[in-house]
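**Q** I need the structure of the sequence given here:
(one chain, ligands or ions: 2)
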Amino acid sequence: MSLVKLYDTTLRDGTQAEDISLLVEDKVRIARKLDELGIQYIEGGWPGSNPKDVAFFKDIKKEKLRQAKIAAFGSTRRAKVTPDKDNNIVTLIKAEADAITIFGKTWDFHVREALRISLEENLELIYDSLEYLKKHAPEVFYDAEHFFDGYKANPDYAIKTLKAAEEANVDCIILCDTNGGTMPFEVAEIIKAVKEQIKTPLGIHAHNDSECAVANSLHAVDLGIVQVQGTINGFGERCGNANLCSIIPALKIKMAKECISDEQMRHLRELSRFVYELANISPDKHQAYVGNSAFAHKGGVHVSAIQRHPETYEHMRPERVGNCTRVLVSDLSGRSNILAKAEEFNINLDSKDPVTLEILDNIKEMENRGYQFEGAEASFELLMKKALGTHRKFFTVLGFRVIDEKRGEDQKPLAEATIMVRVGGKVEHTAAEGSGPVNALDNAIRKALEKFYPKLKEVKLLDYKVRVLPAGQGTASSTRVLIESGDRHTRWGTVGVSDNIIDASYQALIDSIDFKLHKSEEQE
Ligand SMILES: CC(=O)SCCNC(=O)CCNC(=O)[C@H](O)C(C)(C)COP(=O)(O)OP(=O)(O)OC[C@H]1O[C@@H](n2cnc3c(N)ncnc32)[C@H](O)[C@@H]1OP(=O)(O)O
Ligand SMILES: CC(=O)C(=O)O
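**A** Ligands and ions are numbered 1, 2, ... in the order given. Prediction:
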């Protein structure tokens, strides 16, 4: 297998994405994880840009990385300054990274409009910046910014810029699709032409503005490119960069190109989620390979087939990237979905058992009323138990009342809930306040039940989503509440539907508590 080197720029181009900003400590933590994954180069930032990036290069030196090399990023020198006097170049050298990558202009239009210098002067900028850096850094890479647009506009000049870099003896020239508008067939044609004229090893850095960044990068590798740049989860300027979470499995599984080991690739999903977490961005569940939905099967026909052979509806084994097969339950389910879920919940259910069809019919009817079980598997498990007669009634709610009161224009509203429950032979009547009516009801339910079931103290409400269902959908316009709860070990989702938002919330809260009690009993 031929080796392709991965160059991660999550910490530089990734932070150019809207809404993403990483602390120095976060950058160091991500760099450690990238190193563990086996990424060969980690671009840490632009030290000439800000103090945070300068601090990163200082701090990362204290880390004992297993194999990754750290690269510092910057630009060619400014016009009319020699490299040794150019602040950006001097700061790059001071960062003492294992490699330095600078970008320079390829597109004549950019030279004229962005830099406002002559085409000849730009060639000098490229050559003497790189030639100077080669004397001061172990490895030097050249990012040919806007290479594909530049080549399409003026191929002779674009090649001259690469030749300037080649004469400076750089270690790799990276062809950049900076504006992300190049199509895969153009990439293939242009790279073939470049390879006839440039002998320096080539790399690719593709942006995703036309959704082709991964395809363009893979095409480039197919044509013999040896370095692929990208970011975890595709974070990057505008629409992002080529997503390494897709590129890595594609290289290894589809193209037989070695880049990281099989064992390292099993941590890809974990790394993807780690980066989402530190960037404070919700994971994209539909993300290829590593997303929650990447191997989630919803249609009954699909579920039936994957149970016979997973490859019927899966292009690869999800475990290879640390993901897993999931079966969803909805009104698109068939008996196979119900049986798969029963197995997952350790419930004995036979395909010929009439209860299977009863559960299926029940789901379809409830989804028509606005329930949604995809995000509420705990409610579904309880529903199954009820249908099978294995549901245990831990408590009975005899009634509740919620009061929301505002005592003056400038006063905050007060919310209070009272609830009456029966547990065994005992009746408990409890009141509680809350920061809103749902919170007050939640507090009252727990206060009443915690006395009998102390384990409920562990339960935390993690997420609460309300959706007003449009009139005309199903039989009535109503509200759906989805709740995510959790304890020290796990998380679970429950659902409630009613034309009264408090009642919908009540149903989801009660299911959440009921589920916790069943799980605790099963564990005991
Ligand atoms: C394709 C890419 O993604 S490249 C990476 C882009 N990333 C960033 O821009 C993030 C970090 N950038 C920064 O912190 C700042 O822009 C800095 C520190 C680099 C420069 O800040 P300033 O000196 O205030 O300049 P400003 O940002 O307004 O303009 C960019 C300058 O870089 C110059 N420049 C742009 N590309 C190059 C290049 N390849 N070589 C040399 N100079 C360049 C521009 O001509 C302009 O300089 P001028 O105003 O003297 O003509
Ligand atoms: C260098 C770089 O980030 C680009 O050309 O997009």
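**Q** tell me, how many residues neighbour Pro201?
**A** For Pro201, the count of nearby residues is 16 (other C-beta atoms under 10 Å). For every residue, glycine as well, the C-beta is placed using N, CA and C.
**Q** that one and Ile248, how far apart?
**A** Going from Pro201 to Ile248 by C-beta to C-beta, to the nearest Å gives 20 Å.
**Q** buried residues, stretch 221-236. List them.
**A** Residues 221, 223, 225, 227-236 are the ones in stretch 221-236 that count as buried (16 or more other C-beta atoms under 10 Å).
**Q** give me the distance between Pro184 and Glu211.
**A** According to C-beta to C-beta, Pro184 and Glu211 sit 11 Å apart.
**Q** more neighbours, the two?
**A** The residue with more neighbours, out of Pro184 and Glu211, is Pro184; 17 against 10, by other C-beta under 10 Å.
**Q** show me what contacts the more buried one?
**A** Applying C-beta atoms under 8 Å, 6 or more residues apart in numbering to Pro184 gives the contacts 212, 215-216, 219.
**Q** then Ser246?
**A** Counting by C-beta under 8 Å, 6+ apart, Ser246 makes contact with 214, 234, 288-289.
**Q** go on, Lys5?
**A** By C-beta under 8 Å, 6+ apart, the contact set of Lys5 is 40-41, 203, 226-228, 259.
**Q** rerun that using 7 Å as the cut-off
**A** Shown in contact with Lys5 (C-beta atoms under 7 Å, 6 or more residues apart in numbering): 40-41, 226-227.
**Q** and Thr356, by the same measure?
**A** 335, 338-339, 349.
**Q** which other helices and strands contact the lowest-mean-pLDDT helix or strand in the chain?
**A** Ranking every helix and strand in the chain by mean pLDDT, DSSP states H and E puts strand 460-468 at the bottom, with a mean of 93. Strand 460-468 sits against strand 479-486, with contacts defined as 3 or more C-beta pairs under 7 Å, 6 or more residues apart in numbering; DSSP states H and E.
**Q** doesn't Val228 lie inside a strand?
**A** Yes. Judged by DSSP: H, G, I helix; E, B strand; the rest coil, Val228 forms part of a strand.
**Q** right, and ligand 1 sits closest to which residue of the stretch 1-150 of the chain?
**A** In the stretch 1-150 of the chain, the residue that lies nearest ligand 1 is Ser49 (3.2 Å; C-beta to the nearest ligand atom).
**Q** quick check: which ranges of this structure have low pLDDT?
**A** Residue ranges of the chain with pLDDT under 70: 1-2, 471-477.
**Q** in it, spot the helix with the most residues.
**A** helix 501-523 (DSSP state H).
**Q** list the buried residues of that one.
**A** 501-520.
**Q** same question, stretch 306-317
**A** Neighbour-count burial for stretch 306-317, counted by 16+ other C-beta under 10 Å, picks out 306-307, 313-314, 316.
**Q** coming back round to it: residues of the least confident helix or strand of the chain that come out buried?
**A** Quick answer for strand 460-468 (16+ other C-beta under 10 Å): 461, 464.
**Q** hey, C-alpha coordinates of that strand in CSV?
**A** Extracted in CSV, the C-alpha atoms of strand 460-468 (Å, rounded to 0.1, in the frame of the first residue of the first chain):
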residue,chain,number,x,y,z
LYS,A,460,-30.8,15.1,35.5
LEU,A,461,-32.9,16.8,32.9
LEU,A,462,-30.4,17.4,30.1
ASP,A,463,-32.5,18.7,27.2
TYR,A,464,-36.0,19.8,26.7
LYS,A,465,-37.4,20.4,23.2
VAL,A,466,-40.9,21.6,22.3
ARG,A,467,-42.4,21.4,18.8
VAL,A,468,-45.8,22.8,17.9
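**Q** report the angle between it and strand 479-486.
**A** 160 degrees (axes from the mean of the first three to the mean of the last three C-alpha atoms, to 10 degrees).
**Q** which parts of the stretch 151-300 of the chain are helices?
**A** Remark: helices assigned in the stretch 151-300 of the chain by DSSP state H, counting those that start in this stretch are 155-167, 184-197, 213-222, 244-249, 262-265, 268-279, 300-308.
**Q** near ligand 2 at all, the first one?
**A** No. No part of helix 155-167 sits near ligand 2 under the criterion C-beta under 6 Å from any ligand atom; the closest distance found is 12.9 Å.
**Q** Gly48: what secondary structure?
**A** Judged by three-state DSSP, the three-state class of Gly48 is coil.
**Q** so who does it touch?
**A** Contacts for Gly48 (C-beta under 7 Å, 6+ apart) come out as 74, 87-88, 91-92.
**Q** on that earlier part again, could you flag which of the contacts of Thr356 are buried?
**A** Those of the contacts of Thr356 that meet the buried threshold are 335, 338-339, 349, by 16+ other C-beta under 10 Å.
**Q** show me the residues you listed that map onto helices.
**A** Judged by DSSP H, helices contain the following of the buried ones among the contacts of Thr356: 335, 338-339.
**Q** okay, and the beta partners of the residue of the stretch 401-524 of the chain found nearest ligand 2?
**A** Per C-beta to the nearest ligand atom, Asp463 is where the stretch 401-524 of the chain lies closest to ligand 2, at 35.7 Å. On the basis of DSSP bridges, Asp463 is bridged to Glu484.
**Q** who in this structure is up against ligand 2?
**A** The chain comes close to ligand 2 at residues 13, 103, 143, 145, 176, 178, 205, 207, as judged by C-beta under 6 Å from any ligand atom.
**Q** what's the farthest-apart pair in those?
**A** Spatially, the most separated pair among those is Phe103 and His207, at 12.9 Å (C-beta to C-beta).
**Q** quick one: which of those two has more around it?
**A** His207 (24 against 21).
**Q** list the contacts for that one?
**A** Residues counted as contacts of His207 (C-beta under 7 Å, 6+ apart) are 177-180, 213, 236-239, 241.
**Q** CA-only coordinates of stretch 486-494 in PDB, if you can.
**A** The C-alpha trace of stretch 486-494 is given here as PDB (Å, rounded to 0.1, in the frame of the first residue of the first chain):
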ATOM      1  CA  GLY A 486     -29.400  11.200  32.200                       C
ATOM      2  CA  ASP A 487     -27.700   9.800  35.300                       C
ATOM      3  CA  ARG A 488     -24.100   8.900  36.000                       C
ATOM      4  CA  HIS A 489     -24.100   6.100  33.500                       C
ATOM      5  CA  THR A 490     -26.400   6.800  30.600                       C
ATOM      6  CA  ARG A 491     -28.900   9.100  28.800                       C
ATOM      7  CA  TRP A 492     -32.400   8.400  27.600                       C
ATOM      8  CA  GLY A 493     -35.100  10.200  25.600                       C
ATOM      9  CA  THR A 494     -38.800  10.300  26.300                       C
END
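**Q** what does it contact?
**A** With contact meaning C-beta under 7 Å, 6+ apart, stretch 486-494 is reached by 375-379, 458-460, 462, 482-485, 508, 511-512, 515-516.
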